[in-house]
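Asks: Model the structure of this input:
(2 chains)
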Amino acid sequence: MAWRRAHRYRDEVAIRARQQAVVAELGQRALAGMPLDELIDRAVTQVARELGTDYVSVLELTGDGVGLSIRDGHGLPDGVIGGVLSTTREELPGYALDSEAPLVIEDFATETRFGPSPVQRELGIVSAMAAPIGTRGGRFGVLGVSSRTAHKFSADDAFFVQAIANVVGAAAERARTDEIVRDSEARFRELADTTPALMWMTDAEGSVTYVNEGWLRFTGRTLDEELGGTWSVGAHPDDVERVLQRWHEATARREEFVVEYRLVRRDGSERWVLAQGLPRYDAGEFVGYVGTATDIHERKQMEDALRESEQNWRDLADAAPVMIWTTDERGLVTFVNAGWLDYTGTTLEEELGPSWSLGVHPDDAPAVISSWNEKLAAREPWTLEYRLRGVGGDYRWIVDRGVPRYEAGRFVGYVGTAIDIHERKTMEARLREVYEREHTIAETLQRSLLPERLPRIEGLEIAARYLPAGHGAAVGGDWYDALERADGRVGLVVGDVVGHGLRAAAIMGQLRNAFRAYGLAEASPAEVMARVNRLVMSGEEDAMATVLYLVLDRETGEVTFASAGHPPPLVLAADGARFLEGGRSVPVGAAEPGIFREATAVLPPGASLLLYTDGLVERRDTPLEQRLDELAEAARSGEENLEALCDSVLAGVLGEQVPSDDVALLAVRPRPVATRSLRLSLLAEPESLPGLRRRLGRFLHAVGASAEESYEITLTVCEAAGNAIEHAYGPVDATFDVEASFENGTLVAVVRDRGSWRERRGTHRGRGLKIIEGLMDDVQVSTEQDGTVIRMRRRLAA
Amino acid sequence: MTSAEVAIERRGGTVIAHLSGEVDMTNAPRVRDELLVSVPNDAMALVVDLDGCRYLDSAAIEVLFDLARRLGRRRQELRLVLPPSSPLVRVLTLTDVQSVAVVHETLDAALAQ
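Replies: Residues are numbered from 1 along each chain as shown, chains lettered A, B, ... in the order given. Down below sits the predicted model:
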């Protein structure tokens, strides 16, 4: 036991960093597309190695949802893998499946909520952990860890197991999505080549990269003749300019592209077509447009013909392969053609009159009626896409378009045409679904790489917000982190990886990890930045990021920071808000060797510090200085409470708008000691003494000790601590504990080590004891079971 | 990090070392070395001004004893400056530093001797 405790402190930090590294590495493999089986195999092996337990397993919910099949495991006896466990909540696996957090079972003998699974019972499991593996769509299974001997799992261990489970869940989700993508691509080609619709795709620059068979049949040209050109290819010379203008407008804003134009075929004939396209994204990056073209030649002709003769027109209309209708000036249907009746299976009598909602999908009917009434009143052209019931009872998407017609200058009603666009519409929906899934996977991964809970750091209030960019946009690589360093100071980091999508999220994970590892070491912010830069520059990925790394001394309020191309941190004090300038250099990943600078400032007592990414302040239409002023103003008028301050800053700067880029915000405030006792566990090394002195100083100041008393008590406690350090028991990683409390005017301090009391070497040790005895009212040294305890008391004057 | 600064000044045959900051077991050896090299053989005395010193522990006090011993062998004198208001007064008294170095309340008093 003594050994365990002695090793605990430094190990905790090292283990946490290593577990983080394992999670990040597994996450990157998941992102890189490692097959799910391999990934799960890796996950169980890594968990077993990190936790040093006998068994690790991944259970997957069976297809029918009533069992948990043992998909993979580490250390399990032959024949166990492939078996199926029950989902009953009476046993751990079933219970864990429905739980929202990891479960830790120290000893099944004292567990009342559930028992072990039959496999665990047979193996004689004593301690266990289990974490639910979830996907966006629901539950995937359970990650389980079992030990045949009593095993104490820490909160960090549980967090680690849940993080691994999250990665497995994200990978399972991705595997499923990949199938859908592959499936949908195959279906897209198949559909595209059999559909009567004309289909096309472009790359990000706007060059045509694909047209389907239907397109080639329609134009009579070959693939070679169609590809590589832009939208003007094949357009009637009179329409080219208008088509290109629409195209540039749409692509600049990544909007839907819609244009009607005359397409000239190889044989020289012209057909009116309606071209429509949507932007497409791959892994969050814009890669071009995908779209259709529809032959609307008849409709155009109809509209023209109607101006000439009504009877001729009806004959023509019934022969046309599209759906056609007319109304009178009140909007009542006066005619539908044979094409319409063939489609709906209705009779002409049913269709005539106020039949606007007949056969329209109930979800679409209100929009159909209201938009129709609105346009009719204004006598404006009306266009709407909606679902109309076909002859077989299935609803299909159509685009319906009506234009007002006039006879001798008098408004007489509308003439309209409708076209079946069901294939196009469903394909659009499927594509959108695929890309949206991609977006959510990246977001899930990013969230699983962000700290789920900010660490609780004594003497520091802390609050953070993370807002993903607006719907449909690609996720960015923003992150924030906070960690307590070995020297007692706090490292804070906020960064933004250049780029979007899965790649940015993966790089963000690597960088966050690098800052954790280097930030824990005792290096200056500029040095930490230089090391991370070296790591990025030596990597294969072409990555770049803006980062702010800041080290805060909670006792003195002193901050040292380095900004790699990042917007400046904001200090919010009683007398106003100001930005911390200086310490600026180029982004990480921009140059090697990178020259990184740092700057120092002191926070006034009670001040807060705001760190953020540029998604908060950058907006195309507003100069940065103005946005920074707005941020300072929002912070100044914000609430005292940090959580509320974060909310009011976001509301004040962003308003109602959804951010167009990701936003990370981290707010901290050093907090005066409020408690009347202090309890510390420190590494038994001289470097622990400065931190101990500051904490004691804060504590003594808080309980009202005078400067002289504060110095004398701090000195005696540190002398006792010095003794503990010199005689630290066992290997290098020993620790000692310090407790201080103040009651009834008396200060009591206890220093507890795990060695035996000896005078320190040299004569100054004799002085050390003389100091302790001379400055304290009462000193007792006692030897207890696993070490020496020095208890000291002193009555304070005030 | 424990940090202390030593600023050296020479007035005639006397070397003045202004010691500021904190001295504990982590930086005491360095402070001792800096003080020792600041005293050339021809100097008569070393005055260590502790006015700017916020913290001294037993290792730092040991440095003062060590200095006095080494200087004594070279027949050089160690004097200390410590204002009566300093929180360090009681500790220096307790450890009997006065037995190896005279403690003056001001720098002028230490130089006037």
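Asks: rest of the way, CA atoms for contacts and neighbours
Replies: Will do.
Asks: Help me confirm that residue A:589 comes into contact with residue A:538.
Replies: No - using CA atoms under 8 Å, residue A:589 is not in contact with residue A:538, being 9.3 Å away.
Asks: more crowded one of the two?
Replies: Legend: neighbour count by other CA atoms under 10 Å in any protein chain shown for residue A:589 and residue A:538, higher for residue A:589 (25 against 12).
Asks: Distance of the more buried one relative to chain B?
Replies: Noted for residue A:589: a distance of 31 Å to chain B, by CA to the nearest CA, to the nearest Å.
Asks: Contact partners for the nearest residue to that residue once chain neighbours are set aside?
Replies: Spatial nearest neighbour of residue A:589, excluding adjacent residues (CA to CA, 6 or more residues apart in numbering or on different chains): residue A:544 at 4.5 Å. Residues near residue A:544 by CA atoms under 8 Å, 6 or more residues apart in numbering or on different chains: A:497, A:498, A:536, A:587, A:588, A:589, A:590.
Asks: change it to 10 Å
Replies: Residues in contact with residue A:544 (CA atoms under 10 Å, 6 or more residues apart in numbering or on different chains) are A:496-499, A:504, A:507-508, A:533, A:536-537, A:587-591.
Asks: hey, where'd the strands end up in chain B?
Replies: Per DSSP state E, chain B carries strands over the ranges B:4-11, B:14-23, B:45-49, B:53-56, B:77-81, B:102-104.
Asks: Report the spatially nearest residue to residue A:666, omitting neighbours in sequence.
Replies: Per CA to CA, 6+ apart, closest to residue A:666 is residue A:464, 4.3 Å.
Asks: Which secondary structure state does that neighbour sit in?
Replies: At residue A:464 the chain is in strand, as set by DSSP: H, G, I helix; E, B strand; the rest coil.
Asks: From residue A:160, how far out is it?
Replies: Separation of residue A:464 from residue A:160 (CA to CA, to the nearest Å): 21 Å.
Asks: Okay, buried residues for the host helix or strand of residue A:292 please.
Replies: Residue A:292 belongs to strand A:285-295 when assigned by DSSP states H and E. Buried residues in strand A:285-295, counted by 16 or more other CA atoms under 10 Å in any protein chain shown: A:285, A:287, A:288, A:289, A:290, A:291, A:292, A:293, A:294, A:295.
Asks: quick one: the fifth one and residue A:212 touch, right?
Replies: No - under the criterion of CA atoms under 10 Å, residue A:290 makes no contact with residue A:212, lying 11.4 Å away.
Asks: Let me know the secondary structure of the closest residue to residue B:58 other than its chain neighbours.
Replies: Counting by CA to CA, 6+ apart, residue B:58 lies nearest to residue A:768, which is 5.5 Å off, once chain neighbours are set aside. Put simply, residue A:768 is helix when judged by three-state DSSP.
Asks: Can you name the residue of chain B nearest to chain A?
Replies: When scored by CA to the nearest CA, chain B has residue B:87 as its residue closest to chain A, at 4.5 Å.
Asks: which ones are touching that residue?
Replies: By CA under 10 Å, 6+ apart, the neighbours of residue B:87 are A:706, A:707, A:708, A:709, A:710, A:711, A:712, B:53, B:54, B:55.
Asks: Could you tell me which of the residues you listed count as buried?
Replies: Of these, these count as buried by 16+ other CA under 10 Å: A:709, A:710, A:711, A:712, B:53, B:54, B:55.
Asks: sec struct for the second one, please.
Replies: Assigned by three-state DSSP, the conformation of residue A:710 is helix.
Asks: ok, now how distant is it from residue B:96?
Replies: 21 Å.
Asks: you'd agree residue A:609 is in a helix?
Replies: No - under three-state DSSP, residue A:609 falls outside any helix and is assigned strand.
Asks: Would you mind confirming that it makes contact with residue A:551?
Replies: No - assessed by CA under 10 Å, residue A:609 is found out of contact with residue A:551, at 11.6 Å.
Asks: which neighbours do the two share?
Replies: residue A:559.
Asks: ranking the strands of chain B by burial, who's on top?
Replies: Most buried of the strands of chain B, by mean neighbour count (mean count of other CA atoms under 10 Å in any protein chain shown): strand B:45-49, with a mean of 25.
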